[in-house]
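Engineer: Turn this into a model:
(chains A and B)
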Amino acid sequence: MVALVIYSVAHGSVQIFSFEGLHFLTGTDWNAVEGRESFGALPYIIGTLVSAAIAMAIGVPISLGIAIFISEMSPSRLATPLSFIIELLAAVPSIIYGLWALFVFRFWIRDLIELPLYNAFHGSVPFFAKYPFGLDVFTAGIVLAIMIIPIVSSICREVMRVVPNSQREAAYSLGATRWETVKIAVIPYAKSGILGAAILGLGRAVGETMLVTLVIGNVIGAAAIPTSLFSQSQTLSSLIANEFNEAASDLHLSALIGLGAVLLMLTVTINVGAQLLVKRMVKVPSGEKT
Amino acid sequence: MDGEKDWGENHRTLVHDQMKKKYRSRIIIDKLVSIFAIVCLIAAIVPLGSILLEVIKNGAGVLSFEFLTSPQGSIISGNGGIGPAIQGTIIVVGLASLIATPVGVLAGIYLSEFAGIGLFPSAVRFLNDMLTGLPSIVIGIVGYVTIVIAIGSFSVWAGALALSIIMIPIVVRVTEETLKIVPHSIREGGYALGISKARITMSIVLTTAKSGVLTGIVLGIARIAGETAPLIMTILGTSLFFSSLNGPVDALPLRIWRFASLPYEHSHAFGWGAALILILMVLGLNVGLRMLAYRKGFEIRTEA
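Structural biologist: Now for the predicted structure:
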């Protein structure tokens, strides 16, 4: 299976790499007009990384908070329905997140966060220096964060559950408060697992397509390099989704598959790293649990 | 003597006061963290609530018999419906699960019952986990390159193949996990009767773990029913009813995407309607399963 994936992506992208060479990774032009073709993936790589970074910055602390609440604080009668709700969030198809983000959430973000920030600084802070429409990397990042929360938090919860109770009891017996127990006994023990969960979430955020396509604004070429939090951008996957059906020439198609190849390498690296981390953590203390 | 005792007393109250002060701030920090955790939880629940609310509010209005069964009419006037999309989703997802179920279940059985410990099974497990993490759009490219180019047209087969690649690792994973929970004593009972290993696996272990394996399959179906990205490059989407397995077909997520990208009020309303149907299908499968699992007392793990 994996071989099939790698074969077809490699097969499809040979043409573009032989046409552009390494310039494909560093170029910023994106022109599909026949005779003037020029394809560079750099802006979309940056767009992908920026939106994923925003998603991580928001999503990971929130998931950690949820995991701590469910595994350490809530009474057990509450824990099951709560994790049930969080898992439901994981079950919502990403296209529906996209629809919701495009027609509802975008305006919340624009009116409640972006406009006030823009008005407060009047473009003096480069982060906020673009008049916001709500269709930008910031919105995409936040919706991505909402999407990765269920995954990250349920893995964090698993990992925290594996922490032996004797650890917690030791901390409590020293007179630690609940937070101090979490801080000195649970988190250090679960550290690599939590890190792994975060990276797995990063893998999801990098690969997510539909939702990003709907909210990120979809510009192409050098303009897709985000200059502020509120600028439109484009990610690897959203560009593929947008142009795949319109690709006229073989070269254009191959360029899109080439983007897929870059994306594949990015996510495989991220996932392998995460898997190794989570495995090491979960295997050691409890044998069978995964 | 007296003074010394006094000093001791004073010192004790001094330390006591300091500890008390420190203790208070520790309690406050503890409370703050608790509040933070609760806020996080709310921050995750609000979107879920809002999504459900908006989908129901905006989607319920367009629901009608015509909407569910007829093909799409003129977009601007808002005729027709999403019949082909519903039909297409059922066909593609059904085909994909027909491919993925045997492969996934057998691979899961192999990993849990026959593989033992070694380089090959752990490599299989590792690759399987990796497959779970692949972006679905990349899997769509696979469907495109292997089947669409080979056949020369966008086709149901390509979509089914791409979706089955997404579903297989989920089924493998859940099957392996559930079979592992089956107690050894049951297997040993089979051995004691002198039954062959294949027979034990098929009629004893698998029967015991039936509900768990089914859970895996249904979770997989729920997951692929909502996938959009791989469908763009495999089944393409059309506004007509299903014609042949080698031709393009429509699907709900795809239709939602197209509706949402159009600048018409009607198409947005249709998008919400399609989203309502999709979310009913997917969440229905999920919730139903979890209810069942909860009653039977075992746990479902969705994530790798």
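
Engineer: how about the residues of the stretch 101-250 of chain B near chain A?
Structural biologist: The stretch 101-250 of chain B comes close to chain A at residues B:126-127, B:129-131, B:133-139, B:141-142, B:144-146, B:165, B:168, B:177, B:180, B:222, B:225-229, B:232-233, B:236, as judged by C-beta under 8 Å from any C-beta of the partner chain. Yep, even glycine has a C-beta here, placed from its N, CA and C like the rest.

Engineer: can we see that at 7 Å?
Structural biologist: B:127, B:129-131, B:133-139, B:141-142, B:145-146, B:165, B:168, B:180, B:222, B:226, B:228-229, B:232-233, B:236 (C-beta under 7 Å from any C-beta of the partner chain).

Engineer: Let's see the PyMOL selection covering just the buried ones among these.
Structural biologist: Buried members of these, defined by 16 or more other C-beta atoms under 10 Å in any protein chain shown, are picked up in PyMOL with:
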select buried, chain B and resi 129+130+131+133+134+135+136+137+138+139+141+142+145+146+165+168+222+226+228+229+232+233+236
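
Engineer: and the helix or strand hosting B:R173, which residues are buried?
Structural biologist: In this assignment (DSSP states H and E), B:R173 forms part of helix B:156-181. Within helix B:156-181, the residues scored as buried using 16+ other C-beta under 10 Å are B:156-179.

Engineer: In the stretch 151-290 of chain A, which residue sits nearest chain B?
Structural biologist: Going by C-beta to the nearest C-beta, chain B is nearest to A:G207 of the stretch 151-290 of chain A, at 2.6 Å.

Engineer: quick one: contacts for that residue?
Structural biologist: If you count contacts by C-beta atoms under 7 Å, 6 or more residues apart in numbering or on different chains, A:G207 has them with A:S237, A:L263, A:T267, B:P135.

Engineer: element containing the second one?
Structural biologist: Secondary structure assignment for A:L263, by DSSP H and E: helix A:250-286.

Engineer: in the stretch 201-304 of chain B, which spans are helices?
Structural biologist: Assigned by DSSP state H, counting those that start in this stretch, the stretch 201-304 of chain B shows helices spanning B:206-208, B:210-225, B:229-232, B:252-261, B:265-296.

Engineer: quick check: angle from the second one to helix B:156-181?
Structural biologist: Interaxial angle of helix B:210-225 relative to helix B:156-181 (axes from the mean of the first three to the mean of the last three C-alpha atoms, to 10 degrees): 150 degrees.

Engineer: Would you mind extracting the C-alpha trace of helix B:210-225 into PDB?
Structural biologist: Output in PDB follows, covering the C-alpha atoms of helix B:210-225 (Å, rounded to 0.1, in the frame of the first residue of the first chain):
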ATOM      1  CA  LYS B 210     -17.400  -9.600  16.500                       C
ATOM      2  CA  SER B 211     -18.800  -6.400  17.900                       C
ATOM      3  CA  GLY B 212     -15.400  -4.800  18.200                       C
ATOM      4  CA  VAL B 213     -14.500  -5.600  14.600                       C
ATOM      5  CA  LEU B 214     -17.900  -4.300  13.400                       C
ATOM      6  CA  THR B 215     -17.200  -1.100  15.300                       C
ATOM      7  CA  GLY B 216     -14.000  -0.700  13.400                       C
ATOM      8  CA  ILE B 217     -15.700  -1.200  10.100                       C
ATOM      9  CA  VAL B 218     -18.500   1.300  10.900                       C
ATOM     10  CA  LEU B 219     -16.000   3.900  12.200                       C
ATOM     11  CA  GLY B 220     -14.100   3.500   9.000                       C
ATOM     12  CA  ILE B 221     -17.200   4.000   6.900                       C
ATOM     13  CA  ALA B 222     -18.200   7.100   8.900                       C
ATOM     14  CA  ARG B 223     -14.700   8.400   8.300                       C
ATOM     15  CA  ILE B 224     -14.600   7.900   4.600                       C
ATOM     16  CA  ALA B 225     -18.200   9.200   4.100                       C
END
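
Engineer: what angle do that helix and helix B:252-261 make?
Structural biologist: Going by the same axes, to 10 degrees, helix B:210-225 makes 30 degrees with helix B:252-261.

Engineer: buried ones in helix B:210-225?
Structural biologist: B:212-225.

Engineer: export these to a markdown table and tack on pLDDT?
Structural biologist: Output for the buried residues of helix B:210-225, formatted as a markdown table (pLDDT from 0 to 100):
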| residue | pLDDT |
| --- | --- |
| B:G212 | 78 |
| B:V213 | 85 |
| B:L214 | 83 |
| B:T215 | 79 |
| B:G216 | 82 |
| B:I217 | 86 |
| B:V218 | 84 |
| B:L219 | 81 |
| B:G220 | 84 |
| B:I221 | 86 |
| B:A222 | 82 |
| B:R223 | 81 |
| B:I224 | 85 |
| B:A225 | 83 |
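
Engineer: Please tell me the pLDDT value assigned to A:L174.
Structural biologist: A:L174 carries a pLDDT value of 86.

Engineer: Tell me, how many residues neighbour it?
Structural biologist: By other C-beta atoms under 10 Å in any protein chain shown, the residues close to A:L174 number 11.

Engineer: Likewise for A:F69?
Structural biologist: 23.

Engineer: what about the helix holding A:L263 and chain B, touching?
Structural biologist: Yes - using C-beta under 7 Å from any C-beta, helix A:250-286 reaches chain B at A:I257, A:G260, A:L263, A:L264, A:T267, A:V268, A:N271, A:V272, A:Q275.

Engineer: try stretch A:77-85
Structural biologist: Yes - counting by C-beta under 7 Å from any C-beta, chain B is contacted by stretch A:77-85 at A:L82, A:F84, A:I85.

Engineer: A:H252: which of the buried residues of helix B:210-225 is nearest?
Structural biologist: Of all the buried residues of helix B:210-225, A:H252 sits closest to B:I224, with 28.3 Å by C-beta to C-beta.

Engineer: how near is the residue of the stretch 1-150 of chain A found nearest chain B to B:L292?
Structural biologist: Proximity of the stretch 1-150 of chain A to chain B (C-beta to the nearest C-beta) peaks at A:P93, 2.5 Å away. Distance, A:P93 to B:L292, using C-beta to C-beta, to the nearest Å: 21 Å.

Engineer: what's the answer for B:I151, then?
Structural biologist: 40 Å.

Engineer: residue contacts, the closest residue to B:G61 other than its chain neighbours?
Structural biologist: Distances taken as C-beta to C-beta, 6 or more residues apart in numbering or on different chains put B:A269 closest to B:G61, at 6.6 Å, once the chain neighbours are dropped. By C-beta under 7 Å, 6+ apart, the contact set of B:A269 is B:N58, B:G61, B:V62.

Engineer: Turn those residues into CSV, including pLDDT and neighbour count.
Structural biologist: CSV is the format used below for those (pLDDT from 0 to 100; neighbours: other C-beta atoms under 10 Å in any protein chain shown):
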residue, pLDDT, neighbour count
B:N58, 81, 20
B:G61, 75, 13
B:V62, 75, 20
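
Engineer: now, which of the residues you listed lie within helices?
Structural biologist: Of those, the ones assigned to helices by DSSP state H are B:N58.

Engineer: a markdown table for the residues of stretch A:77-85 next to chain B, including secondary structure and pLDDT?
Structural biologist: As requested, those are arranged in a markdown table below (DSSP: H, G, I helix; E, B strand; the rest coil; pLDDT from 0 to 100):
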| residue | secondary structure | pLDDT |
| --- | --- | --- |
| A:L82 | helix | 81 |
| A:F84 | helix | 79 |
| A:I85 | helix | 81 |
